[in-house]
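A.B. asks: give me the fold of what follows.
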Amino acid sequence: MNEAQEILDQMPKIEGCIGYQFKNKSYLLTAFVHSSFVNENKDLITESNERLEFLGDAVFGLIIGEYLFTLYPSHPEGVLSHYRSKLIEAASCSKYLKKLDVEQYLLLGKGEKKSFSARPNPSILADLFEAIVGAIFLDGGIEPAKKFLLENFSEDIESTLSAPIRNWKAELQDYSQKKYQKIPTYKVMNEAGPDHSKTFHISVFIDDMIMGSGYGASKKSAQQAAAAEALFRLNLIDSTEM
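C.D. replies: Purely as a prediction, here's the structure:
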């Protein structure tokens, strides 16, 4: 039995790890074919995952871009771009792939497999992840791809978004203590969405006066967004810094 057939036999396990069942299994098989395997097995298989990786990169960027655009309605383009680049960079994609625990099914050439077994190449893992996204998109469209990303990696996405470019809460608290001798208070105004994809609307108050509001996938990130808006309204930062 050749290695490609072995992967086909393992499809149910791979689909279970991914959380998506393919109608066209060839898309998933191609996602797991590295170029080094094709170079050594041209009589067996002719296409690597490079084209799927290219497509998946674009699909992933689109989904994350829409997610950030909706989540942060008042954030300028520069901040949204910063967050998107952090979420879709190779290091992040490699981390997402490891979470799926499917790298052992990747088809590699003999030399690449030996070095990969000793120390997995993060770039190869990132490419595999993007190829999987591309494969899901081709097989089912944008909604299954979005579901795959947001349901499997919502915690990772929120962890990244919870690390602000600057600590707006600390800056607002420092200003409030100096000017008003009071600490800002934060209040949840609304929360919406399913448990795996909630959006919180939080407002910040100083001396019972609302100073700013923000949205986030967690209370922590929504508080940071609210504090940033408050600093903007107080003319302590400009819109390019938010």
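
A.B. asks: quick check: buried residues in the lowest-mean-pLDDT helix or strand in the chain?
C.D. replies: In the chain, no helix or strand scores lower on mean pLDDT, DSSP states H and E than helix 3-9, which sits at a mean of 79. For helix 3-9, burial by neighbour count (16 or more other Cβ atoms under 10 Å) applies to 3-4, 7. Any C-beta I mention is one placed from the backbone N, CA and C, and that applies to glycine too.

A.B. asks: show me where the protein dips below the pLDDT cut-off.
C.D. replies: Low-confidence segments of the chain (pLDDT under 70): 1, 164-165, 239-242.

A.B. asks: strands of that one, start to end?
C.D. replies: With DSSP state E applied, the chain shows strands at 185-192, 199-206, 209-216, listed in chain order.

A.B. asks: quick one, which of these is nearest to Ser123?
C.D. replies: strand 209-216 (31.1 Å; Cβ to Cβ).

A.B. asks: chain center to that closest one, what's the gap?
C.D. replies: Centroid separation for strand 209-216 versus its chain: 25 Å, with Cα atoms, centre = their mean, to the nearest Å.

A.B. asks: which other residues reach it?
C.D. replies: For strand 209-216, the external contacting residues (Cβ atoms under 8 Å, 6 or more residues apart in numbering) are 71-74, 161, 172, 184, 189, 199-205, 222-234.

A.B. asks: stretch 222-240 now?
C.D. replies: 72, 74-76, 78, 162, 164, 167-169, 171-172, 175, 184, 186, 188, 200-204, 206, 211-216, 242.

A.B. asks: 7 Å instead?
C.D. replies: Under the criterion Cβ atoms under 7 Å, 6 or more residues apart in numbering, residues 72, 74, 76, 78, 164, 168-169, 171-172, 175, 186, 200-204, 211-216, 242 lie in contact with stretch 222-240.

A.B. asks: and if you look at stretch 28-35?
C.D. replies: 4, 7-8, 11, 14, 22, 45, 47-50, 52, 105-108, 112, 124, 128, 131-132, 135.
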